[in-house]
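S.K.: Test case, fold it:
(2 chains)
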There are 2 protein chains.
Amino acid sequence: MPDEMVMPAPADFHVHVRQGKMCELVTPQVAKGGVRTAYVMPNLVPPLTSTDAVLTYKAELERLDPSIQWLMTLYLHPDVTPEEIRKAAKAGISGVKSYPRGVTTNSNSGIEDYGVYYPVFKAMEEEGMVLNLHGEVPSDPEKNISILNAEVHFLSHLKKLAYDFPNLRIVLEHATTSNAVDTVLSLPANVACSITAHHLYLTIDEVAPQPHHFCKPLAKEPKDRKALQEVIKSGNPKFFLGSDSAPHPLSSKIPNLTQDGHSVSACAAGVYTSPILIPLVATLLESFGALDQLQKFVCDNGRNFYKVPAQKGQELRLVRTSREEGQGIVKGTLKGEDGIEVLPFWTGKKLEWEIVN
Amino acid sequence: MPDEMVMPAPADFHVHVRQGKMCELVTPQVAKGGVRTAYVMPNLVPPLTSTDAVLTYKAELERLDPSIQWLMTLYLHPDVTPEEIRKAAKAGISGVKSYPRGVTTNSNSGIEDYGVYYPVFKAMEEEGMVLNLHGEVPSDPEKNISILNAEVHFLSHLKKLAYDFPNLRIVLEHATTSNAVDTVLSLPANVACSITAHHLYLTIDEVAPQPHHFCKPLAKEPKDRKALQEVIKSGNPKFFLGSDSAPHPLSSKIPNLTQDGHSVSACAAGVYTSPILIPLVATLLESFGALDQLQKFVCDNGRNFYKVPAQKGQELRLVRTSREEGQGIVKGTLKGEDGIEVLPFWTGKKLEWEIVN
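M.R.: Numbers count the residues shown, from 1 in each chain, chains lettered A, B, ... in the order given. Prediction:
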């Protein structure tokens, strides 16, 4: 086993850096986690549905950390017309993210029916933009659709889009099930799939007692985690890192009783991995015997699909953490202005790798 | 729809009243929830593995609330021998509770193999004691066993016990799946099944974002909840109320970060329903059109199976809560000594029924 690794510039093809004070706190953490290229989600309040709004946001991110290559997305919405797509493509926006309505954080403006967006997808195909799919359908008790099978029920939509737009690059984001992996494998090369770090570790057993592990899509069964691990181990080029690192204030990740005792809040969905991302992925891949696929997973596969080559001089060097007690342990919360605090995933656990600056 | 109901003394055939300060706080709540007979779980620290320990605990409960008929259980354990069973039966202990090792609160002394207990079960069968099964197998990622399918994997054990001991009364406790309901229906009359109030309302969608809804067994899919509702609606005599009301201090139900930032605690498993139990069950049964089965579910079915008839003069009267705003809303925490606080299920929601004292 190696004690040191060097790889071309890692990329995170799915990251939330939020807005306001939270954005100021978490944006610099992306580079600290070893990422050089970050593909940024548009689910702000209000969602980023225009080229101008995306460019304003991009300028803010560049101000906060000019060292990162920020790749931007639009939020699929009735405001996003084929004309807006052409404008966005000219402005260098990389893709469009689709949220089925109501399935995750700030998805209330999400779509209900893909049919009405076919002219938009056509324009995206022509302009070479990428379609990023949050692959879950909304829960529906009458149809026995819950957060457990919401992803599996989405896969027919993915297949239809893949065949209806054979030249549109489509990413099934943050896959969590063996069915999703199998479906992506069965589809043509225009369909790829991002996998988070945390879904390589969590199953439902670790999520149910721990709201800090609650995210959408929910981590599923051991066989599902195994399928994600195995497809990375196989080196298949369709699968790459998209962390879905999704910070929430600590206070939103625990249930809060209102002062009048009239209600208890639910916990926000999201796992925050940015500050430790590449060392975490290295630690996890090594744990299931896939360390030799690290470069493909965090760099080559995603960059090839997105056509965003690694820049020279942006290599990342990792070394094994010390075996001394307490070394490599992820500790406590990140604290920002106005009392904002965010708890990273893996707190209290040891990272086997660290970044050499 | 009626505005008033009177029924014979309700019984809760599965309740945790804990020990120490928590016991002092929650024990009087059993009667407040409308229950006259309570079947008490033995998973204390240390577990109740002797007749003497159970009798000491019973005396404490009688001191705290002499109005309740306390039915007691032993914790299945190597200390529980056939001789101990005969002693327990003579002392009026009703049953023996089996916890597979490690699946829930205070189950570290739980069993790993039923075979070694066959002489114990034989003695129970002869003495007319009831076997109460926590029907989950421990999680095992290699076998894809998680808290989602732990109950389904247990059902083969239930079947084997039911046929190996045809005269032993067995209760599958707190069933949560359609498979469990089907299995109980398929087995002879010596097998019955308790159902909690909260599993008639929750699915995985309500549990994942809310640790106050986290319990073992976990609430499952909408089809599973539907199966529980439907079998109650059918009036089948094998199914009755066992609330599994399981109080935990508020601080144990949320994740706590240690001061050194080295670890985050997991949340305790348990939903606390005792203070509102019978009004809650009435509210839920009415919501799915089963109010006419209320008496069977909370009184007749369980009492017939356990052979514990309702006493005269212990009837419970319920009336519909006022339609005025704020009436019937469950509010905030119960507070005991030493700063102990417990949050009841249904906080912030309206009960459609209330008890007339």
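S.K.: Who are the contact partners of whichever residue of the stretch 51-200 of chain A sits closest to chain B?
M.R.: Relative to chain B, the nearest point of the stretch 51-200 of chain A is A:Pro141 (3.8 Å; Cβ to the nearest Cβ). Placement of C-beta: from N, CA and C, glycine included. Residues touching A:Pro141, when contacts are defined by Cβ atoms under 8 Å, 6 or more residues apart in numbering or on different chains, comprise B:203, B:222, B:225.
S.K.: quick check, nearest of these to chain A?
M.R.: For these, the nearest to chain A is B:Pro222 (3.8 Å; Cβ to the nearest Cβ).
S.K.: Just give me the neighbour total for that closest one.
M.R.: Counted with other Cβ atoms under 10 Å in any protein chain shown, the neighbours of B:Pro222 add up to 21.
S.K.: Verify the contact between it and B:Thr203 for me.
M.R.: Yes - counting by Cβ atoms under 8 Å, B:Pro222 touches B:Thr203, with 5.2 Å between them.
S.K.: what residues do these two have in common as contacts?
M.R.: Joint contacts of B:Pro222 and B:Thr203 (Cβ under 8 Å, 6+ apart) are A:141, A:146.
S.K.: Any idea what A:Val318 is bridged to?
M.R.: I think there's a mix-up here, since residue A:318 is Leu and not Val. Counting by DSSP bridges, A:Leu318 is bridged to A:Met5, A:Ile355.
S.K.: ok, it - contacts?
M.R.: A:Leu318 sits in contact with A:4-7, A:34, A:278-279, A:282, A:353-356, where contact means Cβ under 8 Å, 6+ apart.
S.K.: same thing but 7 Å
M.R.: Residues near A:Leu318 by Cβ atoms under 7 Å, 6 or more residues apart in numbering or on different chains: A:5, A:278-279, A:282, A:353-356.
S.K.: Can you name the two of those residues that sit furthest apart?
M.R.: A:Ala282 and A:Val356 (12.6 Å; Cβ to Cβ).
S.K.: who's more crowded, the two?
M.R.: Set A:Ala282 next to A:Val356 and count neighbours by other Cβ under 10 Å: A:Ala282 wins out with 28 against 10.
S.K.: Relative to chain B, how far out is the residue lying closest to the more buried one once chain neighbours are set aside?
M.R.: The spatial neighbour of A:Ala282 that comes closest, neighbours along the chain excluded (Cβ to Cβ, 6 or more residues apart in numbering or on different chains), is A:Trp353 at 4.1 Å. A:Trp353 is 19 Å from chain B, where distance means Cβ to the nearest Cβ, to the nearest Å.
S.K.: burial of A:Trp353, as a residue count?
M.R.: For A:Trp353, using other Cβ under 10 Å, the count is 24.
S.K.: same question, A:Glu230
M.R.: A:Glu230, neighbours per other Cβ under 10 Å, totals 14.
S.K.: now swap in the one 4 residues further on and tell me
M.R.: By other Cβ under 10 Å, the residues close to A:Ser234 number 13.
S.K.: and what of A:Leu148?
M.R.: By other Cβ under 10 Å, neighbour count at A:Leu148 equals 23.
S.K.: buried stuff in the host helix or strand of A:Ala59?
M.R.: Using DSSP states H and E, A:Ala59 sits within helix A:51-64. Within helix A:51-64, the residues scored as buried using 16 or more other Cβ atoms under 10 Å in any protein chain shown are A:51, A:53-55, A:57-58, A:61, A:64.
S.K.: Tell me which other helices or strands that helix touches.
M.R.: helix A:20-32, strand A:69-71, helix A:82-90 (3 or more Cβ pairs under 7 Å, 6 or more residues apart in numbering or on different chains; DSSP states H and E).
S.K.: if you set the cut-off to 10 Å instead, what comes out?
M.R.: Here helix A:51-64 touches helix A:20-32, strand A:37-40, strand A:69-71, strand A:73-75, helix A:82-90, going by 3 or more Cβ pairs under 10 Å, 6 or more residues apart in numbering or on different chains; DSSP states H and E.
S.K.: Quick check: mean pLDDT of it?
M.R.: On average, the pLDDT along helix A:51-64 is 98.
S.K.: from the chain's centre, how far out does it sit?
M.R.: From the chain centre to the centre of helix A:51-64 is a distance of 19 Å (Cα atoms, centre = their mean, to the nearest Å).
S.K.: In this structure A:Pro47 contacts A:Ala53, no?
M.R.: Yes - if you go by Cβ atoms under 10 Å, A:Pro47 and A:Ala53 touch, sitting 8.5 Å apart.
S.K.: Find residues that contact each of these two.
M.R.: Common neighbours of A:Pro47 and A:Ala53 (criterion: Cβ atoms under 10 Å, 6 or more residues apart in numbering or on different chains): A:74-75, A:79.
S.K.: Now the buried members of those.
M.R.: By neighbour count, with 16+ other Cβ under 10 Å, the shared contacts of A:Pro47 and A:Ala53 hold A:74-75 as buried.
S.K.: which of the shared contacts of A:Pro47 and A:Ala53 lies closest to B:Ser274?
M.R.: Nearest to B:Ser274 among those, with distances taken as Cβ to Cβ, is A:Tyr75, at 46.2 Å.
S.K.: mind putting the contacts of A:Leu318 in JSON lines, pLDDT and distance to A:Phe305 included?
M.R.: Conversion of the contacts of A:Leu318 to JSON lines gives the following (pLDDT from 0 to 100; distance: Cβ to Cβ, whole Å):
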{"residue": "A:Met5", "pLDDT": "97", "distance to A:Phe305": "22"}
{"residue": "A:Ile278", "pLDDT": "98", "distance to A:Phe305": "19"}
{"residue": "A:Pro279", "pLDDT": "98", "distance to A:Phe305": "24"}
{"residue": "A:Ala282", "pLDDT": "98", "distance to A:Phe305": "21"}
{"residue": "A:Trp353", "pLDDT": "98", "distance to A:Phe305": "25"}
{"residue": "A:Glu354", "pLDDT": "98", "distance to A:Phe305": "28"}
{"residue": "A:Ile355", "pLDDT": "98", "distance to A:Phe305": "25"}
{"residue": "A:Val356", "pLDDT": "96", "distance to A:Phe305": "28"}
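S.K.: I'd like those laid out as JSON lines, including distance to B:Gly235.
M.R.: Listed next are the contacts of A:Leu318 as JSON lines, based on distance: Cβ to Cβ, whole Å:
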{"residue": "A:Met5", "distance to B:Gly235": "66"}
{"residue": "A:Ile278", "distance to B:Gly235": "59"}
{"residue": "A:Pro279", "distance to B:Gly235": "59"}
{"residue": "A:Ala282", "distance to B:Gly235": "59"}
{"residue": "A:Trp353", "distance to B:Gly235": "61"}
{"residue": "A:Glu354", "distance to B:Gly235": "63"}
{"residue": "A:Ile355", "distance to B:Gly235": "64"}
{"residue": "A:Val356", "distance to B:Gly235": "70"}
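S.K.: Look up how far A:Val35 lies from A:Ser186.
M.R.: Look at A:Ser186 and A:Val35: by Cβ to Cβ, to the nearest Å, they are 30 Å apart.
S.K.: what's the offset of the host helix or strand of A:Asp12 from the middle of its chain?
M.R.: Assigned by DSSP H and E, A:Asp12 falls within strand A:11-15. Strand A:11-15 sits 6 Å away from the centroid of its parent chain (Cα atoms, centre = their mean).
S.K.: That one to helix A:20-32, inter-axis angle?
M.R.: On the basis of axes from the mean of the first three to the mean of the last three Cα atoms, to 10 degrees, strand A:11-15 is oriented at 160 degrees to helix A:20-32.
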